[in-house]
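**Q** Have a look; sequence and predicted model below, questions after that.
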Amino acid sequence: MATATAQAHPAMDARGFDEAAYRRGILRERDLSCRTLFRAVFFDHSDDADPDVLLAAASSDGSLASFSLSSCISSAAAAPSQPEAVAMVDPVCIVQAHSGPAYDVRFYPDPQQPLLFSCGDDGRIRGWRWHEMQSCLVPLSLQGDHLEPALDLVNPQHEGPWGARSPIPENNAIAVNKQEGSVFAAAGDACAYCWDVESGKCKITFRGHTDYLHSVAVREANRQVVTGSEDGTARIWDCRSGKCTQVINPIKKKTFESSWVSCVAIDASESWLACGTSSGISVWSLLSNECIFNLDCHAPVQDLLFDKNQILAVGAEPVLSRFTINGTVLSQIKCAPQSAFSVSIHSSGMAAVAGYGGLVDVISGLGSHLCTFGSRGLEK
């Protein structure tokens, strides 16, 4: 009788049901929805022969992936037309870069061998050969541990009582200085580190903050770096001596103990400094050491950058905001990630916003949405 019923209604036949596969599928969907892309950056070099625009993204699952923008636009165009539908895109290449979340990724534009630097919760900075991630012949299902980093740097541990050593502090952000052959790390032990790319040695340790660091930016012409910290300050450091030359307090009235400086950016002329804080934006003149304006954004600002004489900012709200250097709001564009952790700009004027849900929203210079896509993670 049961067999006859199963034959009459094949959709009800559960004898071939794979519970383990079902559970894996549910967990995979949950992981995808909860993933965060902490950084997505364009590979933007005019001497690159490939006409396609490529992005690299660092994820909360520790993976580092590269994407073809033309493929992302095609996938987004073919996705269902429902308002909430987002195209899931296969990366060109994906590697398990870190054993914990990967927090930042930056290009090191060497003409012979461009590197892609990543950092993460495991306290490592790893340099990946970009040409290996730019075009990968290994099937996607076999990727993950198929590449070896060209450079692998580990933050130092601090020695405590009786010879005990501290845990390896995480790296929350990195910045590169190609002119000096250096990569800088903003670490969780309240220090910033300067590493020599050629030798792999730590050249300088910058000490002075009282809480962990969120961000770091390079001021090449003056041989300085700027750091932003959970302690609510930004500091300017001399790269020759390792000394702090200026302490900036962008949060004038700390209403909460947890007020912080989450991101810092320097413009192309290296005359202006923008700080994203737990409540807004603060812009300073580096020439006169004066605050130009403080702007309350009513939500934490999690990343910002200069686009010529304007500022782009994203944060804990799904909005990409554009400001003048004097703080006037020029535009606010709704973006896909409900909480955005990264904004990157291409020389063509495109902006890529990445954040919660593993989403990337690519927006044209005119404000139209070119595509929104979700990135697939590693099969675990």
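**A** Looks like it arrived, so ask away.
**Q** The residue lying closest to L54 once chain neighbours are set aside and E198: what is the separation?
**A** Once flanking residues are discounted, L54 sits nearest to F43: 4.5 Å by Cβ to Cβ, 6 or more residues apart in numbering. Where C-beta positions appear, they are placed from N, C-alpha and C, glycine not excepted. As judged by Cβ to Cβ, to the nearest Å, F43 and E198 stand 22 Å apart.
**Q** Have a look at those two and say which one is more surrounded.
**A** F43 (20 against 8; other Cβ atoms under 10 Å).
**Q** got a list of what the residue nearest to L69 when sequence neighbours are not counted touches?
**A** Leaving aside its sequence neighbours, L69 sits nearest to V53 (Cβ to Cβ, 6+ apart; 4.0 Å). The neighbourhood of V53, defined by Cβ atoms under 8 Å, 6 or more residues apart in numbering, consists of F42, F43, D44, S68, L69, S70, H346, S348, M350.
**Q** And V53, what's its pLDDT?
**A** Reading off the confidence values, V53 has pLDDT 87.
**Q** Next: D238.
**A** Note for D238: predicted pLDDT of 97.
**Q** The residue lying closest to it once chain neighbours are set aside: neighbour count?
**A** Excluding the flanking residues, the one nearest D238 by Cβ to Cβ, 6+ apart is T245, at 5.4 Å. Per other Cβ under 10 Å, the neighbour tally for T245 reads 11.
**Q** pretty sure T245 is touching Q224, no?
**A** Yes. Taking contacts as Cβ atoms under 8 Å, T245 lies within contact range of Q224: 7.2 Å.
**Q** Okay, and the beta partners of the most centrally placed residue in the chain?
**A** Nearest to the mean C-alpha position of the chain, by Cα atoms, centre = their mean, lies R39 at 1.8 Å. Beta-bridge pairing of R39 under DSSP bridges involves A58.
**Q** and if you look at S282?
**A** Beta-bridge partners for S282, by DSSP bridges, are C275, N294.
**Q** Touching, it and E290? I think so.
**A** No. S282 lies out of contact with E290 (Cβ under 8 Å); the separation is 11.4 Å.
**Q** and these two? which has more neighbours close in?
**A** For the pair S282 and E290, the greater number of neighbours falls to S282 (25 against 8), based on other Cβ under 10 Å.
**Q** the helices in the stretch 101-250 of the chain, which residues?
**A** 130-134 (DSSP state H, counting those that start in this stretch).
**Q** which stretches of it form strands?
**A** Remark: strands assigned in the stretch 101-250 of the chain by DSSP state E, counting those that start in this stretch are 102-108, 115-120, 124-129, 151-154, 171-177, 182-187, 191-196, 202-207, 213-219, 224-229, 234-238, 244-248.
**Q** want to try JSON lines for these, with distance to L304 as columns?
**A** What follows is those, written out as JSON lines (distance: least, Cβ to Cβ, whole Å):
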{"stretch": "strand 102-108", "distance to L304": "15"}
{"stretch": "strand 115-120", "distance to L304": "19"}
{"stretch": "strand 124-129", "distance to L304": "23"}
{"stretch": "strand 151-154", "distance to L304": "27"}
{"stretch": "strand 171-177", "distance to L304": "13"}
{"stretch": "strand 182-187", "distance to L304": "15"}
{"stretch": "strand 191-196", "distance to L304": "19"}
{"stretch": "strand 202-207", "distance to L304": "22"}
{"stretch": "strand 213-219", "distance to L304": "10"}
{"stretch": "strand 224-229", "distance to L304": "11"}
{"stretch": "strand 234-238", "distance to L304": "13"}
{"stretch": "strand 244-248", "distance to L304": "15"}
